[in-house]
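Visitor: with the input below, show me the fold.
(2 chains)
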2 protein chains.
Amino acid sequence: MAVIDYLKSNRERHLQELFAFLRIPSISAKSEYREQTRQAADWLVERMLEAGLQIAEVIPTAGHPIVIGEWRGAPEGAPTLLVYGHYDVQPPEPLEEWTSEPFEPEVRDGKIFARGSVDDKGQVYLHLKAVEAHIAANGKLPVNLVFVVEGEEEIGSPNLQSFLVENQERLRCDAVMISDTTMFAPDLPSVTIGLRGLAYMEIRVQGPETDLHSGSYGGAVVNPANALAKIIARLHDDHGRVAVPGFYDDVRDLTPEEREAVRALPFSDEEFRAGVNAPALGGEEGWSVLERLGARPTLDVNGLLSGYTGEGAKTVLPARAMAKVSMRLVPNQDHRDIEEKFIRYVREIAPAGVTVEVEALHGGQPWYADPKEPIFTSAARALEKAFGRAPVFTREGGSIPIVQAFQQIFSAPVVLLGFGLPGENAHAPNEWMSVDNYTRGAEAIAMLYDEL
Amino acid sequence: MAVIDYLKSNRERHLQELFAFLRIPSISAKSEYREQTRQAADWLVERMLEAGLQIAEVIPTAGHPIVIGEWRGAPEGAPTLLVYGHYDVQPPEPLEEWTSEPFEPEVRDGKIFARGSVDDKGQVYLHLKAVEAHIAANGKLPVNLVFVVEGEEEIGSPNLQSFLVENQERLRCDAVMISDTTMFAPDLPSVTIGLRGLAYMEIRVQGPETDLHSGSYGGAVVNPANALAKIIARLHDDHGRVAVPGFYDDVRDLTPEEREAVRALPFSDEEFRAGVNAPALGGEEGWSVLERLGARPTLDVNGLLSGYTGEGAKTVLPARAMAKVSMRLVPNQDHRDIEEKFIRYVREIAPAGVTVEVEALHGGQPWYADPKEPIFTSAARALEKAFGRAPVFTREGGSIPIVQAFQQIFSAPVVLLGFGLPGENAHAPNEWMSVDNYTRGAEAIAMLYDEL
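Guide: Modelled structure (predicted):
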């Protein structure tokens, strides 16, 4: 197959091009790197035009610019894919923990070590190489393509959503592809089909107006820290379930087939436990560790503060106590509904003698894709051809807010097709991407175009 | 009565002498006031000799010196009283909140405003004026007297206990009198007969080795902050009682007479609640607010810390959580026994999946005096004569460690006979002592000598 042959024979050049991309320190969070961040956008536009895209341009925003690339020469009726990625990177600090320079890529042990290698320069550039291969081998692509590559993902994409809305017509597409996630295990191609939502709350308990002496007042004045602990203790029942009434009402339980698919994943509870070095694992009864992590909603205290927290003994009866509590949500929970239920419940169980305020600080909806949709079966076939093994469909515990923005704005399925690997150190020193996954990723994407 | 007549006719001079004492800024906590602190000791020695004590001297310690005064001319078989007090004062800051200068006494509304007025210069100096009155009127005292006035009370009396032990023979006495407390209400003379003990603990809960992302790990890793809240919630039962097994085993319950005496005290729950501005009061069921404050043991969280406590939302699953928890103890609880019971119980209720450490940071024994002992009935008679009203015997919620040191070292009863008043602002700006209580206090002490 000419396209794959082209990729194989240009492998070394494609690697060198990625290295050039990685040498540009496009650190979006640091204003002193503004010029280099812009430089990365310009560099990418040049590569897009060289690869054969019909249009490639740098579009300014209130922050770092967005790169748009287009190829629209597919036959009538062919679908349009939108590829999203980002050219900005995390700051490299702490520098002293890097084995090689963060902006001088080095291959060791089959891994490309550099800041941005897997997050996300390598994963976005392999899409462009798949396009180049089709155009070089066949003079055309079987699909229309739009690239949207932003420079502010690592600072929360403050300008992306409005850009997408303003350019909705131009960017209209039948599916969105994002390669910014991780494979479940080496050699095991993976498509992420679930992300958990979030309802992040703050509970503030006020007792007396000011801090009091615990000797003079202790025993008759209700202690807000004790009261807060009572509230938190009642957020779970004895079976590890969240005790907020109605919390599970809208949870779409996994089907037996889905549970079987989770069970089939290669995963060791003991390795996971040892990895975090906790005395034991825990969680909701009746569900496996992987289900608890990806498919079940949860509740965690993220922060606690009250009274005296320094060294030694200070006999203060605190005036107030604070907890940050967040819930991870799954389909079809609605974060606003959960926030309301949480607020109502906490007020209801608040002990007498204190005033309790509950505030929703941040929320996001859970996301779930149906792997039986055609775009997923196409992706699965392509991945199987490229990796020699059928992909797994996985759920991640965290949230990627931009996924829902794409889905809503374009009413199109979003395919999270990641080529990272566990332990890749994204956001940490010694970030790496597997050389093999970089080239096999490009092959898989090239094959995917033919499957649509 | 000549002694009381003498006090009445010298009232103004005695007030002026106290003012001179108050003008010396003997701030023990600040090294730049070392000279002035020493000056207060020298000043007091001169006044002791003028008042007619046989011996008065400044005795150096590793810190600020201790003043000793003695009069030992009482008839054979007469008792020896030891009067303890302190000539050092708290720092006056914040200065801008003082209405008049902290070291320039001013009488307003029948109150002497000055740092140290009630804590403790006024209260210790009135004892000396009682002595002076007896010697001036009768040439002698009916009892032997030893004054021990230290200069380090406000910094925790670091050198007092060893001084008492080293001078145990010289200072031997039949009773110890301390005027450094507060009357229960204006015109209501009060003797403090109970102080609560303390067992101050720290609970440290460790979950995973490092902070984790609550999205990626939440639900399967046991959260140490949630675990800590569960532990704290189980430290009380549903009736406001401390749930540590055996906690109440050694509590000497109040007798019906004692409960009746507490009930008879002039006290408004609503005024108390309004004073701390709490939504409502709480505590152990079956006991009044005053009993909860002074006669019942309690448990309070003094501090809580875990995870992210700044502004906004950070999705951290904390590695650890910490609580400071202290228990106020009553006779005959032993703080070491309670500490052991607490540690055992917390370990027992610690949730699986976390490691829990419990440490005793600070402990002190509860103290209780039997008001039926002769020294208390003598003190009561003298107070009734001076104030025209029988005194009340009260229990304070806090601890005064030095009380037990005196009791143990001299095997003598300690009488806490205070002439302060509620709202006197000890340790705060605008500290004051009632002019009336200063003069009536001296009269009461002078009468007390005749009652022994």
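Visitor: gap between the residue nearest to A:Ala62 when sequence neighbours are not counted and chain B?
Guide: Residue nearest to A:Ala62 in three dimensions, not counting chain neighbours: A:Asn159, with 5.4 Å by C-beta to C-beta, 6 or more residues apart in numbering or on different chains. C-beta coordinates here come from the backbone N, C-alpha and C atoms, glycine included. Here A:Asn159 is placed at a distance of 20 Å from chain B (C-beta to the nearest C-beta, to the nearest Å).
Visitor: then A:Ser26?
Guide: Counting by C-beta to the nearest C-beta, the gap from A:Ser26 to chain B is 24 Å.
Visitor: how many residues are close by that residue?
Guide: 28 (other C-beta atoms under 10 Å in any protein chain shown).
Visitor: let me see the contact set for it.
Guide: The contact partners of A:Ser26, taken as C-beta atoms under 8 Å, 6 or more residues apart in numbering or on different chains, are A:33, A:36-37, A:39-41, A:87-89, A:116, A:151.
Visitor: let's see it at 6 Å
Guide: A:36-37, A:40, A:87-89 (C-beta atoms under 6 Å, 6 or more residues apart in numbering or on different chains).
Visitor: circling back: for the residue nearest to A:Ala62, phi and psi?
Guide: A:Asn159 adopts backbone torsions of phi -110, psi 0, taken as degrees, to the nearest 10.
Visitor: look at it and report its pLDDT.
Guide: At A:Asn159, the pLDDT value in this model is 96.
Visitor: tell me how far it lies from A:Asn167.
Guide: As for A:Asn159, its distance to A:Asn167 is 12 Å (criterion: C-beta to C-beta, to the nearest Å).
Visitor: these two: which has the busier surroundings?
Guide: Using other C-beta under 10 Å, the more surrounded residue of A:Asn159 and A:Asn167 is A:Asn159, with 19 against 16.
Visitor: quick check, that one in contact with A:Pro65.
Guide: No: in this structure A:Asn159 lies outside contact range of A:Pro65 using C-beta atoms under 6 Å: 9.3 Å.
Visitor: my read: A:Pro142 touches A:Tyr449, true?
Guide: Yes: contact criterion C-beta under 6 Å: A:Pro142 and A:Tyr449 qualify, at 5.2 Å.
Visitor: looking at those two, which has the bigger crowd around it?
Guide: Higher neighbour count among A:Pro142 and A:Tyr449: A:Tyr449, with 22 against 15, using other C-beta under 10 Å.
Visitor: mind checking the SS state of that one?
Guide: When classified by DSSP: H, G, I helix; E, B strand; the rest coil, A:Tyr449 comes out as helix.
Visitor: residue contacts, it?
Guide: Contacts of A:Tyr449 (C-beta under 6 Å, 6+ apart): A:141-143.
Visitor: helix or strand: which one has the one residue in the stretch 101-250 of chain A that gets nearest to chain B?
Guide: Relative to chain B, the nearest point of the stretch 101-250 of chain A is A:Gly215 (2.9 Å; C-beta to the nearest C-beta). Element membership for A:Gly215 (DSSP states H and E) is helix A:214-217.
Visitor: immediately after that helix, which helix or strand?
Guide: Downstream of helix A:214-217 (by DSSP H and E), the next one is helix A:224-233.
Visitor: point me to the residue of the stretch 301-450 of chain A nearest chain B.
Guide: For the stretch 301-450 of chain A, C-beta to the nearest C-beta, closest residue to chain B: A:Gly398, 2.9 Å.
Visitor: tell me the mean pLDDT for stretch A:203-221?
Guide: Mean pLDDT, computed over stretch A:203-221, is 92.
Visitor: so for it, what gets flagged as buried?
Guide: For stretch A:203-221, the neighbour count (16 or more other C-beta atoms under 10 Å in any protein chain shown) marks A:203, A:205-208, A:211-212, A:214-221 as buried.
Visitor: span of it from start to end?
Guide: Length of stretch A:203-221, first residue to last, C-alpha to C-alpha, to the nearest Å: 20 Å.
Visitor: follow-up on the earlier one: give me the number of residues near the residue of the stretch 301-450 of chain A closest to chain B?
Guide: Number of residues near A:Gly398 (other C-beta under 10 Å) recorded here: 18.
Visitor: just give the closest residue to it, not the sequence neighbours.
Guide: Using C-beta to C-beta, 6+ apart and skipping the chain neighbours, the partner closest in space to A:Gly398 is B:Gly215 (2.9 Å).
Visitor: give the contact list for the one you found.
Guide: Contact analysis of B:Gly215 by C-beta under 6 Å, 6+ apart lists A:397-399, B:315.
Visitor: ok, now with 8 Å
Guide: Residues in contact with B:Gly215, defined by C-beta under 8 Å, 6+ apart, are A:196, A:198, A:328, A:396-399, B:315.
Visitor: let me have these in JSON lines, extended by secondary structure and distance to B:Ile155.
Guide: As requested, these are arranged in JSON lines below (DSSP: H, G, I helix; E, B strand; the rest coil; distance: C-beta to C-beta, whole Å):
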{"residue": "A:Arg196", "secondary structure": "coil", "distance to B:Ile155": "54"}
{"residue": "A:Leu198", "secondary structure": "strand", "distance to B:Ile155": "50"}
{"residue": "A:Arg328", "secondary structure": "strand", "distance to B:Ile155": "51"}
{"residue": "A:Glu396", "secondary structure": "strand", "distance to B:Ile155": "57"}
{"residue": "A:Gly397", "secondary structure": "coil", "distance to B:Ile155": "53"}
{"residue": "A:Gly398", "secondary structure": "coil", "distance to B:Ile155": "52"}
{"residue": "A:Ser399", "secondary structure": "coil", "distance to B:Ile155": "53"}
{"residue": "B:Thr315", "secondary structure": "coil", "distance to B:Ile155": "45"}
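Visitor: out of these, which end up buried?
Guide: A:196, A:198, A:328, A:396-399, B:315.
Visitor: just the residues you listed now: which is nearest B:Tyr6?
Guide: Nearest to B:Tyr6 out of the buried ones among the contacts of B:Gly215 is B:Thr315 (C-beta to C-beta; 75.8 Å).
Visitor: the closest one touches A:Gly197, doesn't it?
Guide: No: when contacts are counted by C-beta atoms under 8 Å, B:Thr315 is not listed as touching A:Gly197 (12.0 Å).
Visitor: just to check, A:Glu153 is in contact with A:Asp88?
Guide: Yes: counting by C-beta under 8 Å, A:Glu153 touches A:Asp88, with 6.0 Å between them.
Visitor: joint contacts of these two?
Guide: Shared contacts of A:Glu153 and A:Asp88, defined by C-beta under 8 Å, 6+ apart, comprise A:Ser28.
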